[in-house]
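# Got a predicted structure here, sequence first:
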Amino acid sequence: MKIDVVAGPLETCRTDAIVIGVYAEEGKLRDVAARVDRALDGQVSNVLEAERFGAKPAHVTHLHTAGRIPAGRVVVVGLGKRTDLTLETVRRAASGGLRRARDLGAKAVAIDVLGDRLPARSRAHSVTEGALLGAYTFDRYKREKAEKRVESLSVVEPDARRRREVTDGARTGEVFADATCFARDLINSPANDVHPTYLAKVAADIAKEAKLGLKVFDRAECQKMGMGLFLGVAAGSEQPPKFIHLSYTPSGRRRRRVAVIGKGITFDSGGLDLKSAEGMLRMKNDMSGAAAVLAIMRALPRLSPPVEVHGLIAATENMPSGGAVRPGDVLRAMNGTTVEIGNTDAEGRLTLADAMCYAAEKVDAEEMVDMATLTGACVVALGPLCSGLFANDQALADRILAAAENAGERVWQLPLIDEYRENLKSDVADFNNVGPRGGGAITAGLFLKEFAADRPWVHLDIAGPAFVEKDTAMGPKGATGAPVRTMLCYLMSRE
Ligand code: BES
Ligand code: MN
Ligand code: ZN
């Protein structure tokens, strides 16, 4: 979708549809909505009244203009009460508005920088982001492409003095949404195409296009570095594993060095501890963390934050075979820690552990954040719309929680309960890779914590929100692109 910013009146835009916002519990229309209403001889207020349009967040309606203005249709979105307006309301309203315009067959759409209370730059960001995310579809593998598709979007601000900030906000919103959709496409694509070699190829394309540093290590090189946990998981797969390291260096002075680590299991069958058919069905999404890393790294040069960022992915499938790791096997991590395999289906923490060792030893990262579809237990705890956050450093946790709030993604902190550490004891090795059923998301977090080398570290368990079974406010069912926007907000934040 092509985006442009227009400073001028919305009612004279020559598009198939225009989108306006309306507040709840107000006697009459304001600003842009009032002007569009006047241009239509009061048709907007007539329709809203006849329909008893409540203007609650997510309410959407539309009307035909019968040639009274150049646009064929007006889409009206609810913004809720004016005093309650948040950027998330704006984002969702834009998403709902764009979907309606698309379903009406509009190819060119103009949308107001919805609302009037928060900074215009942030509203322009949220409107653009919401519009692009809401209109997302995935039809790469279909013969019949979605024929209803919005091709161009004008973000319209009536006040010409705000043109710069609106242009700026819209551009950032576009980069955020584009990154999110890039991750969505990778995750929605099937595991027969998206294998470790493919992820490495995507990383190479990104490195070239965005001028990032890149190292890709194959099995033998990972062996040399001592990544026994990662290679243990990879042992059962015909697909060669790849360890991917992308790096972004800011042009000016850097504030700090961050490692962003993504779980990159391109398919999780469970290994010899094979999953059930139902449990395996959507396991192409077990590389959602890796997709987020690639999307984030690709976006960084367009946002130029003053931090050095290293994107790390230990990419492999988790498959059963004659060569696969067995329950009871003992593997050795890059930092020398030994791990007994209690369950081959707890593979994510093994691959992440070696990636964390690499972040400490080779990158000397000052902060680490990992993103992983790690445990079903986290989905049981928080459901499909919220990620779990674990941390060994509350200041870092707070910064990421604040970033998630700004980004409009749900993240909730869960505790790393020290006493549960004994659940990871092994009779033969330093640790077992699984504990008891209860508190499974915490046990996984405690396991990872052992590999943070006492550096500030946050673990995001995205098993729920990475991939959803129902359409949400911000996109269709399938991959969501979580937590790309949270991480971009965090890397962009001023601290
Ligand atoms: N990739 C799964 C976790 C998962 C489950 C993600 C459901 C999304 C939806 C992970 O590798 C896994 O299999 N975890 C096991 C751990 C258990 C064996 C300790 C789980 O959650 O059952
Ligand atoms: Mn698994
Ligand atoms: Zn997994």
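Cool, the structure landed. Ligands and ions are numbered 1, 2, ... in the order given.

# When you work out contacts or count neighbours from here on, use the C-alpha atoms and nothing else.
OK.

# Which of the residues in stretch 179-192 are classified as buried?
179-191 (16 or more other Cα atoms under 10 Å).

# hmm, that stretch in reach of ligand 1?
No: figure legend: stretch 179-192 not in contact with ligand 1 (Cα under 6 Å from any ligand atom); closest approach 12.5 Å.

# for that stretch, the distance to its chain's centre please.
11 Å (Cα atoms, centre = their mean, to the nearest Å).

# do stretch 172-186 as well
With Cα atoms, centre = their mean, you get 8 Å for stretch 172-186.

# With only the CA atoms kept, save it in CSV.
Provided in CSV are the C-alpha atoms of stretch 172-186 (Å, rounded to 0.1, in the frame of the first residue of the first chain):
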residue,chain,number,x,y,z
THR,A,172,7.4,5.8,11.5
GLY,A,173,4.0,4.2,11.6
GLU,A,174,4.6,2.8,8.1
VAL,A,175,8.0,1.4,9.1
PHE,A,176,6.5,-0.2,12.2
ALA,A,177,3.6,-1.8,10.3
ASP,A,178,5.9,-2.9,7.4
ALA,A,179,8.2,-4.6,9.9
THR,A,180,5.2,-6.3,11.6
CYS,A,181,3.8,-7.5,8.2
PHE,A,182,7.3,-8.7,7.2
ALA,A,183,7.3,-11.0,10.3
ARG,A,184,3.7,-12.1,9.6
ASP,A,185,4.5,-13.2,6.1
LEU,A,186,7.5,-15.2,7.2
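
# pLDDT on it, on average?
Across stretch 172-186, pLDDT averages out at 99.

# So what touches that stretch?
3, 124-130, 132-133, 136, 138, 194, 288, 291-292, 294-296, 298-299, 302-303, 478-482, 484-485, 488 (Cα atoms under 8 Å, 6 or more residues apart in numbering).

# Tell me which stretches of the stretch 101-250 of the chain form helices.
Assigned by DSSP state H, counting those that start in this stretch, the helices in the stretch 101-250 of the chain fall at 120-134, 163-188, 196-210, 219-225, 228-234.

# Repeat that for the stretch 251-400 of the chain.
277-280, 288-303, 348-361, 376-382, 394-407.

# can you tell me if the first one touches ligand 2.
Read that as helix 277-280. No: using Cα under 5 Å from the ion, helix 277-280 never reaches ligand 2; the gap is at least 9.1 Å.

# The fourth one too?
No: looking at helix 376-382 against ligand 2 by Cα under 5 Å from the ion, there are no contacts, and the closest approach is 9.1 Å.

# Give me the contacts around stretch 190-203.
186, 214, 216, 239-242, 244, 246, 264, 266-267, 284, 294, 315-317.

# Name the residues of the stretch 351-495 of the chain found near ligand 1, please.
The stretch 351-495 of the chain comes close to ligand 1 at residues T373, L374, T375, G376, A377, V434, A463, as judged by Cα under 6 Å from any ligand atom.

# For R82, grab the count of nearby residues.
15 (other Cα atoms under 10 Å).

# Now do it against G130, distance only.
19 Å (Cα to Cα, to the nearest Å).

# repeat for T137
14 Å.

# more neighbours, these two?
Relative neighbour count places G130 above the other of T137 and G130, with 30 against 17, counting by other Cα under 10 Å.

# So that one is in contact with A94, correct?
Yes: assessed by Cα atoms under 8 Å, G130 is found in contact with A94 at 5.2 Å.

# pLDDT weak spots in this structure?
Flagging of the chain using pLDDT under 70 yields the residue ranges 495.

# how about the residues of it that lie near ligand 2?
G270, D345, A346.

# Tell me how far the last one lies from A131.
Taking Cα to Cα as the criterion, A346 is separated from A131 by 38 Å.

# Between the two, which has more neighbouring residues?
Remark: of A346 and A131, A131 carries more neighbours, 30 against 21, as counted by other Cα under 10 Å.

# What sits closest to the more buried one if chain neighbours are left out?
S95 (4.5 Å; Cα to Cα, 6 or more residues apart in numbering).

# L63 - that's part of a strand, no?
Yes: L63: assigned to a strand according to DSSP: H, G, I helix; E, B strand; the rest coil.

# so it touches N46, yeah?
No: using Cα under 8 Å, L63 makes no contact with N46, being 10.3 Å away.

# Any idea which of the helices of the stretch 101-250 of the chain gets closest to S387?
Each of these has some distance to S387 by Cα to Cα; the shortest is helix 163-188, at 16.0 Å.

# A39: neighbouring residues, count only.
16.

# quick one, strands of the stretch 301-450 of the chain?
308-318, 330-332, 338-340, 367-372, 387-391, 411-413, 431-432 (DSSP state E, counting those that start in this stretch).

# With distance to P158 and mean neighbour count as new columns, can the ones you listed be given to me in TSV?
Below are those laid out as TSV (distance: least, Cα to Cα, whole Å; neighbours: other Cα atoms under 10 Å):
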stretch	distance to P158	mean neighbour count
strand 308-318	38	28
strand 330-332	62	21
strand 338-340	62	23
strand 367-372	40	25
strand 387-391	38	26
strand 411-413	35	18
strand 431-432	62	22
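
# Switch these over to a markdown table; also include distance to R163.
Shown next, in a markdown table, are the strands of the stretch 301-450 of the chain (distance: least, Cα to Cα, whole Å):
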| stretch | distance to R163 |
| --- | --- |
| strand 308-318 | 31 |
| strand 330-332 | 57 |
| strand 338-340 | 58 |
| strand 367-372 | 36 |
| strand 387-391 | 36 |
| strand 411-413 | 33 |
| strand 431-432 | 58 |
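
# Tell me which of those lies nearest to P119.
Among the strands of the stretch 301-450 of the chain, strand 411-413 sits nearest to P119 (Cα to Cα), with 24.4 Å.

# which non-adjacent residue is nearest Y420?
Nearest to Y420 is T443, by Cα to Cα, 6+ apart, at 6.8 Å.

# distance of the one you found from L424?
T443 is 7 Å from L424, by Cα to Cα.

# P119 - how many residues pack around it?
13.

# roughly how far apart are it and E165?
Taking Cα to Cα, one finds P119 at 9 Å from E165.

# R298 too?
24 Å.

# repeat for I442
In terms of Cα to Cα, I442 sits 43 Å off from E165.

# In terms of packing, which of T443 and L424 has more residues around it?
Between T443 and L424, counted using other Cα under 10 Å, the more crowded position is T443 (26 against 20).

# ok so, going back, any chance of the helices of the stretch 251-400 of the chain in TSV, with mean neighbour count too?
Output for the helices of the stretch 251-400 of the chain, formatted as TSV (neighbours: other Cα atoms under 10 Å):
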stretch	mean neighbour count
helix 277-280	11
helix 288-303	26
helix 348-361	25
helix 376-382	18
helix 394-407	18
